[in-house]
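Asker: Fold the stuff below for me.
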Amino acid sequence: MSRAKGNLAEARACKFLYDNGYTVIEQNFYSRFGEIDIIALKDEILHFVEVKSGLDFESAIQNITPKKLSRLIKTADVYMKKNSIDVSYVYDAIIITPKNTEIIENITF
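Answerer: Numbers count the residues shown, from 1 in each chain. Alright, predicted model coming up:
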């Protein structure tokens, strides 16, 4: 996916989060392990969000691999330590398709 398409998907994801009561704290947080697309807060729970887009749900969700999830978890750990944060947190995915935006909360393998 091109960076421009990624930016559009992340903008749609941020709007979706705002519309559903989340506060976006940060976007595109990088560590040596990888990147977190969006970090958001809702009901005192921190959400580390991976944004994936595709022509349909299946093609987008298949891009969340065990390796990608491992990088997300390691990068979230860096973020928590760097910012001295000690709150409840989850890893979520937002799937963007031409017709829908859907959140999958608390993704794990």
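Asker: pLDDT averaged over whatever helix or strand residue 8 lives in - what is it?
Answerer: When secondary structure is defined by DSSP states H and E, residue 8 falls within helix 3-19. In this model, helix 3-19 has an average pLDDT of 89.
Asker: Kindly report the same for stretch 56-76.
Answerer: On average, the pLDDT along stretch 56-76 is 92.
Asker: quick thing: my sequence starts at 2, can you match it?
Answerer: Yes, from this point I'll number from 2; that puts the last item at stretch 57-77.
Asker: How far off centre is the helix holding residue 9?
Answerer: 10 Å (Cα atoms, centre = their mean, to the nearest Å).
Asker: List the buried residues for that helix?
Answerer: Buried positions in helix 4-20, judged by neighbour count with 16 or more other Cβ atoms under 10 Å: 7, 10-11, 14-15, 17-18. C-betas here are computed from N, CA, C, even on glycine.
Asker: Strands of this protein, start to end?
Answerer: Using DSSP state E, the strands of the chain run over 24-32, 35-43, 46-54, 89-97, 102-105.
Asker: Give me whichever of those is most buried.
Answerer: Among the strands of the chain, strand 46-54 has the highest mean neighbour count (mean count of other Cβ atoms under 10 Å), at a mean of 22.
Asker: now for that one, which elements pack on it?
Answerer: Using 3 or more Cβ pairs under 8 Å, 6 or more residues apart in numbering; DSSP states H and E as the contact test, the elements touching strand 46-54 are helix 4-20, strand 35-43, helix 58-62, helix 67-83, strand 89-97.
Asker: what angle sits between that strand and helix 67-83?
Answerer: Relative orientation of strand 46-54 versus helix 67-83 (axes from the mean of the first three to the mean of the last three Cα atoms, to 10 degrees): 140 degrees.
Asker: circling back to that earlier point, indicate which one of the strands of the chain is closest to residue 77.
Answerer: Smallest distance to residue 77 across these (Cβ to Cβ): 4.5 Å, for strand 46-54.
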